[in-house]
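Student: Turn this into a model:
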Amino acid sequence: MRFVRLALTLFAIVIASPAFAKMIAKPVNWTLDGTTFNSMLVYDDATTAKRPGLVMVPNWFGVNDIAIKKAQMIAGKDYVILLVDMYGAGIRPKSDAQARTAVGPLYDSRPLMRKRIGRAFEQLKAEAADAPIDLSRLAAIGFCFGGTVVLDLARSGSEAKAAISFHGDLSTDNPALVKNIKARVLAMNGADDAFTMPDAPEFLKEMKHDTADWQFVEIGHAVHCYTETEATAKTGNCRYDAKASARSYTMMRDWLTESFGSN
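Tutor: The predicted structure follows:
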């Protein structure tokens, strides 16, 4: 009996230990211009060690369960991620048509897009008061629509160390904004992406007109949505590609490591 009590006590201690801590997904809200935004802060609390902070803008479906799981996968024990709501409370698209309606005002007003992601980046910094964020290592990543957003964050002159776009729209409303870029820019697009690649020549022209540290990667045979596991179609321009996804995540991590290590 004594052995059983001892075993139960040891089990309780193990379960309560930090090594068994769970991945946190904590709601984070703010208001801008009368609109409330409902985002999520994602990180592993198994350790209190400070780590880089990333704003992450999901695809045009916004903050949902799929986006949260993706943020958790990327965060691991390496990053604290603020998964950003770009639309405002209550706007959670369930279909392509609803998503197209949601992104419309932001594509129509790129200054509004930049203002909203800029506010989110400031919120990431504010979260360092309670979360293990190293304020000297901050960056932004985005997918599809989110890739567009983080490129515009870079164009706004953000202090982010890096801005990384996965299969994002490469267009800009003002090529002259390239002169503001301080972040190290990495854009990765599928070579066969019929949606984003037509803008690639102008994007390259834009980036070559400045001294920004940047890289543009065409991933062979990939189309749009190549990191989106839910894009299960066998044909068309929006398809998940496991190989392309794995390669791009490796490039992301290498780019972040280099960016955080540079002066």
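Student: Tell me where the model's unsure across the protein.
Tutor: In the predicted model, the chain carries pLDDT under 70 at residues 1-21, 262-263.
Student: need the strands for it, in chain order.
Tutor: Along the chain, counting by DSSP state E, strands occupy 23-32, 35-44, 51-57, 80-83, 133-143, 162-166, 184-190, 214-219.
Student: Where is the longest helix in this structure?
Tutor: For the chain, the helix that runs over the most residues, judged by DSSP state H, is helix 242-261.
Student: Let's see that helix as PDB, backbone CA atoms only.
Tutor: What follows is helix 242-261, C-alpha atoms only, in PDB (Å, rounded to 0.1, in the frame of the first residue of the first chain):
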ATOM      1  CA  ALA A 242       4.300  18.400 -48.800                       C
ATOM      2  CA  LYS A 243       7.700  18.700 -50.400                       C
ATOM      3  CA  ALA A 244       7.400  22.400 -51.200                       C
ATOM      4  CA  SER A 245       6.000  23.000 -47.800                       C
ATOM      5  CA  ALA A 246       8.900  21.300 -46.000                       C
ATOM      6  CA  ARG A 247      11.400  23.100 -48.100                       C
ATOM      7  CA  SER A 248       9.900  26.500 -47.500                       C
ATOM      8  CA  TYR A 249       9.700  25.900 -43.700                       C
ATOM      9  CA  THR A 250      13.400  25.000 -43.700                       C
ATOM     10  CA  MET A 251      14.200  28.200 -45.600                       C
ATOM     11  CA  MET A 252      12.000  30.200 -43.200                       C
ATOM     12  CA  ARG A 253      13.900  28.900 -40.100                       C
ATOM     13  CA  ASP A 254      17.300  29.500 -41.800                       C
ATOM     14  CA  TRP A 255      16.300  33.000 -42.800                       C
ATOM     15  CA  LEU A 256      15.100  33.800 -39.300                       C
ATOM     16  CA  THR A 257      18.200  32.400 -37.700                       C
ATOM     17  CA  GLU A 258      20.400  34.500 -40.000                       C
ATOM     18  CA  SER A 259      18.200  37.600 -39.500                       C
ATOM     19  CA  PHE A 260      18.300  37.400 -35.700                       C
ATOM     20  CA  GLY A 261      22.000  36.900 -35.800                       C
END
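Student: Distance from it to the middle of the chain?
Tutor: Mean-position distance between helix 242-261 and its chain equals 13 Å (C-alpha atoms, centre = their mean, to the nearest Å).
Student: What helices and strands are in contact with it?
Tutor: Counting contacts by 3 or more C-beta pairs under 8 Å, 6 or more residues apart in numbering; DSSP states H and E, the secondary-structure elements packed against helix 242-261 are strand 51-57, strand 133-143, strand 162-166, strand 184-190, strand 214-219. Every C-beta, even on glycine, is put in place using the N, C-alpha and C of the backbone.
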